[in-house]
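Undergrad: Please work out how this folds:
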Amino acid sequence: MKKKIVSIAIAALLTFCFVGISFALEQGNKRKGKYTYRKVYKSCFQRGDVESQKPPVNPDAHTQAEWETLFTNRAFDEFGCEEEWNALEEKDLTDIYTYLYSHASDSPTPAKCK
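TA: Numbers count the residues shown, from 1 in each chain. Model (predicted):
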C-alpha cells in the first residue's frame, strides 16, 4: 500500500514539474522583444508612416492584465504601423509580449522606452 501511495505521489510530482516547464517555455525573450518592438517603429518611420522612431506606447502604459488581453485579442490598433505588426512572426509577438508584460505598470520592474 505504501509503495502505491509513493508511486502516485512521484507521478503527480513529475506531472506537475513537466507542466510547469512547458508553461515556462511559452515565455519569450524580453531583450529580443524590446529590440523587435523598437525595430517595428524604426521600419515604420523609414516608410514614412509615423513621425518618430520611438514607440508611442510605453510598457508601463498598461497593467499586466491589460497587456495579456491586448495580445490575446491581437488588438494592435493602438500601436499604429499595422503593416509591420501584421508581418511579425508568432515568436516575435511572444517576445514583444514578454517585454511589455514584464515591464507593465503593475509589474515589479515597470519601465518606459528610452
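Undergrad: ok, now how distant is Pro59 from Asp92?
TA: From Pro59 across to Asp92, the span is 16 Å (CB to CB, to the nearest Å). For the C-beta atoms, the positions are set from N, CA and C on the backbone; glycine is no exception.
Undergrad: before we move on, what about Gln64?
TA: 20 Å.
Undergrad: neighbour-wise, which of the two wins?
TA: Asp92 (19 against 15; other CB atoms under 10 Å).
Undergrad: For the spatially closest residue to that one that is not a sequence neighbour, list the residues it contacts.
TA: Nearest non-adjacent residue to Asp92, counting by CB to CB, 6 or more residues apart in numbering: Thr36, 5.0 Å away. Applying CB atoms under 8 Å, 6 or more residues apart in numbering, we find Thr36 in contact with 88, 92, 95-96.
Undergrad: Report how many residues lie close to Glu51.
TA: Neighbours of Glu51 (other CB under 10 Å): 8.
Undergrad: That one and Thr69, how far apart?
TA: Distance from Glu51 to Thr69, by CB to CB: 28 Å.
Undergrad: for Tyr37, same thing?
TA: Taken as CB to CB, the span from Tyr37 to Thr69 is 18 Å.
Undergrad: tell me the SS of the residue nearest the centre of the chain?
TA: In the chain, the centroid-proximal residue (CA atoms, centre = their mean) is Tyr97; its distance is 1.8 Å. At Tyr97 the chain is in helix, as set by DSSP: H, G, I helix; E, B strand; the rest coil.
Undergrad: Not counting sequence-adjacent ones, nearest residue to it?
TA: That would be Phe71: by CB to CB, 6+ apart, it lies 4.6 Å from Tyr97.
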